[in-house]
Each structure stands twice: as C-alpha cells, then as structure tokens.
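> Attaching a predicted model along with its sequence, questions to come.
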Amino acid sequence: MKYPAREKKMFVETGPAEEIATMGQTDILDQWYNYSLGYYNAAKTLAEQSLEVDDDFPKMQEKRKDEHIAPIIFLYRHYLEITLKYIYLEWSNTSEEMKEQMLNDTEHSLEKSWNYIKPLVEKTIEPADKSKLIGFEYYIRQFVAEDPTSMKFRYPTNKEMQLFLQNERKINIKNLIQRMDEMEKFLAFIVLPMLDVLKFHDEANNYRTEGMNYFAEGKYDEALEHYEKAYESKRIMVGEEHPDILIIRVHIAQALMLQNKLDEALNYHLSTLSIIENMTKIDNEVLSIIYKEIILIYKSKKDVEKIAEYECRFNNIRKDTDKD
C-alpha cells in the first residue's frame, strides 16, 4: 500500500502518450469551449457509470448512486454556467470591458448568465424552434430554483453550517441524463450553428463597411484587404452565388483597378461573370455593374474592340431590365 511522500509530484508532464492529457494549447475562447465539453462529458460519464448494474454487489451500486449524485449535478450545472458565459464571450460582439463586466456580474448565477445571452439566442431561433427555446429556458429555471448560487451540490452546508438538504431527496439519474442531453443538443445543433451564421454576417458587413471607408479615402491597399476579409466571411455563410458576394467581388476588382492592376481586376471581373453565367437566376443589376467596370478597364487599355463588345452587352442587359 502506497502513501503520500514528499519526493513525489502531483502534476508531471512525462510518461507514455496514452497517459498524457494536454491543457492550454488553444486560445481563450477555445479553452472556454473545451472546459464546457469537459464538464458535460465528465457529468454524463459519471451518471452513466452510476446506473451500471452490478448483480454481485447490488448494495454497492445503490451506495455509488447516492455518492455520485451531488458531483453529477454539480458538473452538469457547471457545464451550463460555462456554456452560457462562453456564448456571450464568443458571439456577443461587445467590447472586452463589457465581457469582463458580464463575468463579474453573473458570478455563478445561471439566471443572470441566461439573461445576458437570451437576446442573442432569440435572434437566431427560427419560428419552428421557438418551443425548444421555451423548453430550454424552463430547464434553466428549474436549475436556478434548485441551486441558485452553485453551492448546494458543491458543499453539504453553507458557511453557517446549515444543511442545504434538510430532508431526504430522491433524484432520477436516468431522467437527469435525458434532460441534459436535450439541453446539450439544443445548444449544439440549433443555437451555436445559427450564432456562427450571425457572427459571420456581422463580421462580413463590418469588413465591407471598413473597406468602403478606406476606398473613399483613396487607401486602396487597406480597402482591398478588408474587401477580401468580407468576401471570405460572407462566402462561408451564403456561397459564391449570393448577390452580396457578387457585389463584394466587384468591390475587390475596383480596388485592384485603382491600384493600376488592370489585368488582375479584369480577370476578377471575368471570373465573377463565369459564376453568374452558371446561376439558375441571373441578377441583371449586378451583371450591368460588372459590364460597366469591364468597359472602364478596356478604356484604360485602349482596346476599342472589347469596349464595343461589352457596351453591346451592357445595352442588351439594360433593354432586358427595362422590359421587366
């Protein structure tokens, strides 16, 4: 039998690879997310182990469930607390000062954390998922009613040595696992993907606005950089054929042209035309803008034949638009 010894270390970094876990290898938001998953998976693993049937020692199984229930609930609750805070830190689009204030204001309160992120979540929810949001909030309220300060399943008593549980309490572990699985799925498959879309949408719009400001100031290098960032953010959400993407591509080509990179600008416009030609519904408004831009490039290159070709295309598009 071994006992603690002064020469032994608690935390060591060496050993076989299968024995080593790694922490702190990602940025701050990834670490919040990893902690969230860790607490959820630890809670679920412990809960499922508690329900494993032990025919040889049935009384030991009963004792194990009673010993495990407090840490199970604490781990599940802490998963929720970390996840709600993570959502605000990742997707709130507020200043660092506001995020720090949120962490200080909420402390261990699920209710306060939920109130911070509820407006964000409501913006992402489709009408068909409204009932799921109501159910999720109802589950949060039940946790708040059961343990408002995250102390009830952390310690048996408060600082005045008063028991949190004055009477015997029964809790169905299987039911708890099922309800927490529902909460996790709601967040993982409905809320977080839609928040990603919202984040990329806001990010793309901000980059585009900043690019237009730089363009107006004649800072074409900076404008091009921001237009390209807007393009990447927006493309992730809507693909290549969305009208907003096509307009951003026009902005990029315009910036290239004013940097006197005529061939690059022309090739960019031509590649945008290729995208439009493969679309089932062609946006004539965007098409006419691109034709006008191509005409300007060919005028700079003094290519009379190409100027005539694209002026003809432009005029045909305008005729079709007027008919509509």
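Okay, I see it.
> which one is residue 249 nearest to, not counting chain neighbours?
Counting by CB to CB, 6 or more residues apart in numbering, residue 272 is the residue found nearest to residue 249 once chain neighbours are left out, at 4.6 Å. C-beta: built from backbone N, CA, C; applies to glycine.
> same check, this time on residue 301
Excluding its sequence neighbours, the residue lying closest to residue 301 (CB to CB, 6+ apart) is residue 262, at 6.1 Å.
> mind listing what's buried in the helix or strand encompassing the residue nearest to residue 249?
Using DSSP states H and E, residue 272 maps to helix 262-277. Going by neighbour count (16 or more other CB atoms under 10 Å), the buried part of helix 262-277 is 265-266, 268-269, 272-273, 276.
> The residue most central in space within the chain: what secondary structure?
The centre of the chain sits closest to residue 196, judged by CA atoms, centre = their mean, with a distance of 3.8 Å. Under DSSP: H, G, I helix; E, B strand; the rest coil, residue 196 falls in the helix class.
> Within its local environment, how many residues does the residue lying closest to it once chain neighbours are set aside see?
Using CB to CB, 6+ apart and skipping residues adjacent in sequence, the residue nearest residue 196 is residue 91, 8.0 Å away. For residue 91, the count of nearby residues is 22 (other CB atoms under 10 Å).
> Go ahead and confirm residue 91 touches residue 120.
Yes - using CB atoms under 8 Å, residue 91 is in contact with residue 120, at 5.9 Å.
> For residue 163, what are phi and psi?
phi -60, psi 140 (degrees, to the nearest 10).
> show me where the stretch 201-324 of the chain has strands.
Per DSSP state E, counting those that start in this stretch, the stretch 201-324 of the chain carries no strands over any range.
> just the helices in it please.
220-238, 243-258, 262-277, 284-301, 304-323 (DSSP state H, counting those that start in this stretch).
> Please report how far residue 3 lies from residue 127.
With distances taken as CB to CB, to the nearest Å, residue 3 is found 62 Å from residue 127.
> My error: substitute residue 176 in the last question.
Distance check for residue 176 against residue 127: by CB to CB, it reads 30 Å.
> Count the neighbours of the residue nearest to residue 298 when sequence neighbours are not counted for me.
Using CB to CB, 6+ apart and skipping residues adjacent in sequence, the residue nearest residue 298 is residue 306, 4.3 Å away. Counted by other CB under 10 Å, the residues lying close to residue 306 total 16.
> going forward, begin numbering at 56 instead of 1
Got it, first residue is 56 now, which makes that one residue 361.
> Surely residue 361 is in contact with residue 354?
No - Residue 361 is beyond contact range of residue 354, at 9.3 Å (criterion: CB under 8 Å).
> After the longest helix along the chain, heading C-terminal, what element do we hit next?
In the chain, assigned by DSSP state H, the helix with the most residues is helix 113-146. Heading C-terminal from helix 113-146, the first helix or strand you meet, by DSSP H and E, is helix 151-161.
> List the contacts of that next one.
Helix 151-161 is contacted from outside by 140, 143-144, 147, 167-168, 171, using CB atoms under 8 Å, 6 or more residues apart in numbering.
> Give me the buried positions along that helix.
154, 157, 161.
> In JSON lines: the residues you listed, plus pLDDT and distance to residue 97.
Formatted as JSON lines, the buried residues of helix 151-161 follow (pLDDT from 0 to 100; distance: CB to CB, whole Å):
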{"residue": "154", "pLDDT": "94", "distance to residue 97": "26"}
{"residue": "157", "pLDDT": "96", "distance to residue 97": "25"}
{"residue": "161", "pLDDT": "97", "distance to residue 97": "22"}
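> From those residues, pick the one nearest residue 290.
residue 154 (27.9 Å; CB to CB).
> Now do the closest one against residue 141, distance only.
From residue 154 to residue 141 the distance is 11 Å (CB to CB).
> same question, residue 59
For residue 59, the distance to residue 141 equals 36 Å [CB to CB].
> One more: residue 287?
Distance, residue 287 to residue 141, using CB to CB: 24 Å.
> tell me the domain boundaries of the protein?
As assigned by automatic domain parsing, the chain contains the domains 79-249, 251-378.
> Of all those, which one is nearest residue 73?
Closest approach to residue 73 among the domains of the chain (CB to CB): domain 79-249, 17.7 Å.
> quick one: terminal-to-terminal distance for stretch 264-277?
Start-to-end span of stretch 264-277 (CA to CA, to the nearest Å) is 12 Å.
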